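Engineer: the following comprises the amino acid sequence and a computationally predicted model.
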Amino acid sequence: MIQVSVPATSANVGAGFDSLGLAVSMHNVFTFEECDGIQISSLDGTHVPAGSNNLVYRSARVVYDQLGIPLRGLRITQRNDIPMARGLGSSSACIVAGILGANALLGDKLTKRQMLTLATAIEGHPDNVAPAMLGGFVTSVIDEGQVYSVKKDIDPELAFAAFVPDFRLLTAKARAALPQMVSHKDAVYNLSRAALATAAFCDGDYGLLGVATKDSLHQQYRLPLIQGGDEVFELALDLGALAVYISGAGPTIMAVVHKEDTAFFDRAAAALPQSELLRHFTVHRLLADNVGAVVQ
């Protein structure tokens, strides 16, 4: 039996639309065994598809097809700690787990870049699958069908406050809210800040993150889909967050804070229930995951 643990991820990190992402300390765990037919179960009561449309199974099948090996069937179990459709990479965790699990069952025939390219082809962009697989803070691009990524370990002195609402926001709906065209001015705005965010994480100059995570391409269009989103931004900044941004497509709002600032989380947890707009959010204290997906 193969076991795969995959971390949650927070994509875009503000300005790095579809290219930047980081891994955090919340994990889904999957097991894989070859068998006759398809047997898929959830260990925590979360509803997951039990047939061939299951994303973990579909991703595993891509590996078998890529290698030209017939697939008799798989027995898969899932423990789903990452909340679904919340902007924390639950779909990417399934994709990465399926690919790594199948590759391990077949004797580790694919390289990490090959697996990352397969995962990106399924997901459509690398900003979640890359940190899910590699861990840390990851910058990725797609060039001529190949995915190229650079990973930087996240400083253990940083922590992440995930403000997670009790409602889902499907990625398809969040993407549909975006304009088809953007101005040259907005493109430059984001390019410069994505570069600054990468430099800030690499150099440890976290005072720059508040500027580097500002965005003109997606957040202003997605915030209206997140009830209380503007107020969470304001609350996190008032409490001293280094940066605040929409995690992935939302609806989770992510704040970057100093690890020793435990009072931030106490104050946030106390403030949320006091507001009609914010009481459907809960705050989770997460740390960096610099390891990424682990196969055992």
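Structural biologist: Sure, I can see it. Numbers count the residues shown, from 1 in each chain.

Engineer: any idea how far Gly87 is from the closest residue in space to Thr171 that isn't next to it in sequence?
Structural biologist: Spatially, and ignoring its direct neighbours in sequence, Thr171 is nearest to Ala249 (4.5 Å; C-beta to C-beta, 6 or more residues apart in numbering). Using the backbone N, CA and C atoms, a C-beta is placed for each residue, glycine as well. Separation of Ala249 from Gly87 (C-beta to C-beta, to the nearest Å): 5 Å.

Engineer: mutual contacts of these two, please.
Structural biologist: Residues touching both Ala249 and Gly87 (C-beta atoms under 8 Å, 6 or more residues apart in numbering): 11, 169.

Engineer: which one's more surrounded, those two?
Structural biologist: Neighbour count, other C-beta atoms under 10 Å: between Ala249 and Gly87, Gly87 has more, with 30 against 24.

Engineer: and the more buried one, that's in a helix?
Structural biologist: No - membership of Gly87 in a helix is not supported by DSSP: H, G, I helix; E, B strand; the rest coil, which gives coil.

Engineer: that one is in contact with Tyr245, isn't it?
Structural biologist: No - at 10.2 Å, Gly87 does not count as touching Tyr245 under the criterion of C-beta atoms under 8 Å.

Engineer: hang on, the residue nearest to Thr171 packs against Arg222?
Structural biologist: Yes - between Ala249 and Arg222 there is a contact under C-beta under 8 Å: 6.8 Å.

Engineer: got any residues that touch both of the two?
Structural biologist: By C-beta under 8 Å, 6+ apart, Ala249 and Arg222 have these common neighbours: Ala174.

Engineer: which residue lies farthest from the center of this structure?
Structural biologist: Most distant residue from the mean C-alpha position of the chain: Asp36, 32.5 Å away (C-alpha atoms, centre = their mean).

Engineer: please, where are all the helices along this structure?
Structural biologist: Secondary structure of the chain by DSSP state H: the helices cover 55-67, 90-105, 112-123, 129-134, 171-176, 184-203, 209-212, 219-222, 229-238, 262-271.

Engineer: can you tell me how far the nearest residue in space to the residue farthest from the centre of the chain that is not next to it in sequence is from Arg79?
Structural biologist: Spatial nearest neighbour of Asp36, excluding adjacent residues (C-beta to C-beta, 6+ apart): Gly73 at 5.2 Å. In this view, Gly73 and Arg79 are 21 Å apart by C-beta to C-beta.

Engineer: do the same with Arg222
Structural biologist: Distance, Arg222 to Arg79, by C-beta to C-beta: 29 Å.

Engineer: more neighbours: which of those two?
Structural biologist: Shown here are Arg222 and Arg79; by other C-beta under 10 Å, Arg222 has more neighbours (23 against 15).

Engineer: okay, the more buried one: pLDDT?
Structural biologist: What the model reports for Arg222 is a pLDDT of 97.

Engineer: ok and the strand of greatest length in the chain relative to helix 55-67, angle-wise?
Structural biologist: Counting by DSSP state E, the longest strand found in the chain is strand 20-34. Going by axes from the mean of the first three to the mean of the last three C-alpha atoms, to 10 degrees, strand 20-34 is angled at 80 degrees with respect to helix 55-67.

Engineer: what mean pLDDT does strand 20-34 have?
Structural biologist: In this model, strand 20-34 has an average pLDDT of 98.
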